[in-house]
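In: I need the structure of the sequence given here:
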Amino acid sequence: MERRTHSYVQLIKPGITLSNTISGTAGFFLATSVVSFKLSVLVGAIGGIAFIIASACVVNNILDRGIDKRMKRTAKRDVASGVISVPKAALFASLLGLVGFATILTLTNPLTFLLGVIAYVWYIVIYGLAKRTTALSTIIGGVAGALPPMAGYTALTGRIDAAAIILFLTLFFWQLPHFYAIAMFRRSDYADAKLPVWSVKYGMKSTKRQIVIFAFLYAITATLLTFFGYTGVVYLVLSLALSVYWLSRGLVYYHKLDDEKWARKMFGASLLVLLSMCLLIAVGGYLP
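Out: A predicted model of the protein is given here:
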């Protein structure tokens with residue numbers, strides 16, 4: 001029973017589900033500095049986002065089982081290896097999805113429900129096709145990954161305003177260096193699976209340049225919440241400090257480390273930046 005439970009937990013890709021739920025929570029708490037806090041909406045936003053993402057990840061395990069078999073790091077995933085059958089995984093995904101969408105629709109609003117539908121379809125269908133056919137797949141997939149903080153925000157406000165758009169852009173530009181770094185230090189895996197990610201199609205040097213460019217764009221968009229009046233100077237200073245930290249690691253070690261080690265450094269830094277930025281976004285509306 002313990003092994004089976006562990007297998008089902010792994011199907012939801014806990015890291016992806018958790019990180020996206022955290023960003024959605026950050027968006028919600030930024031919204032509380034704009035409109036009144038509602039506990040029921042918090043439950044609906046966090047629960048809905050978590051279950052919808054979890055469901056999408058299970059579906060991804062099903063659709064990508066052939067690809068997973070060709071990659072060392074994914075060959076032992078439970079659907080790919082046959083530990084969990086496709087019908088059982090599909091039932092699990094359906095239950096998670098029903099709970100997630102019902103929770104969002106019941107406790108938040110139609111706009112947030114629509115964003116959930118868009119994210120779900122985008123991740124499974126549009127990104128699913130893109131990663132098999134184009135090196136732009138990371139950029140295309142970034143749309144789905146950038147929607148949770150926007151959904152967390154709209155869950156309470158019920159509208160898409162400048163803050164919602166800035167949250168989307170901030171997470172969008174954060175994702176690209178993060179996932180390009182993964183594509184660098186797992187390049188051989190992607191090549192074996194015949195996935196045309198940027199590092200496979202255009203090489204490591206080009207991918208490194210892309211990482212620095214998008215980290216710089218992230219640094220710019222992260223400051224916009226202050227310039228549009230949603231956060232104060234403290235948020236601005238701290239968000240800039242995080243961006244400088246991330247960029248400086250990339251530039252200082254750009255020629256000092258081999259490509260794979262450099263990518264791992266940037267990947268590790270990106271996780272710290274994400275967690276710190278989500279915290280800053282959550283409290284930014286209350287800081288001077």
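In: quick one, what contacts Leu279?
Out: Applying C-beta atoms under 8 Å, 6 or more residues apart in numbering, one finds that Leu279 lies in contact with Ala26. Backbone N, C-alpha and C define where each C-beta goes, glycine included.
In: Try it again at 10 Å.
Out: Applying C-beta atoms under 10 Å, 6 or more residues apart in numbering to Leu279 gives the contacts Ile22, Ala26, Phe29, Leu238.
In: just to confirm, which helix or strand has the third one in it?
Out: By that I understand Phe29. helix 14-31 (DSSP states H and E).
In: same question, the last one
Out: Here Leu238 is covered by helix 233-252, with elements defined by DSSP H and E.
In: can you tell me which residues contact the residue nearest to Phe28 when sequence neighbours are not counted?
Out: Closest residue in space to Phe28, ignoring its immediate chain neighbours: Gly152 at 3.9 Å, by C-beta to C-beta, 6 or more residues apart in numbering. Neighbour list for Gly152: 20-31, 41-42, 45-46, 48-49, 108, 112, 115, 164, 167, 281-282 [criterion: C-beta under 10 Å, 6+ apart].
In: Please pull up the helix or strand immediately following the helix holding Phe29.
Out: Counting by DSSP H and E, the next helix or strand C-terminal to helix 14-31 is helix 39-63.
In: for that following helix, the distance to its chain's centre please.
Out: Computed by C-alpha atoms, centre = their mean, to the nearest Å, the chain-centroid distance of helix 39-63 equals 13 Å.
In: what's downstream of that helix, the next helix or strand?
Out: Following helix 39-63 in sequence order, the next helix or strand is helix 65-69 (DSSP H and E).
In: Only the buried residues of that following helix, if you could.
Out: Neighbour counts over helix 65-69 (16 or more other C-beta atoms under 10 Å) mark Arg65, Ile67, Asp68, Lys69 as buried.
In: now stretch 42-60
Out: Under the neighbour-count criterion of 16+ other C-beta under 10 Å, stretch 42-60 has 42, 44-60 buried.
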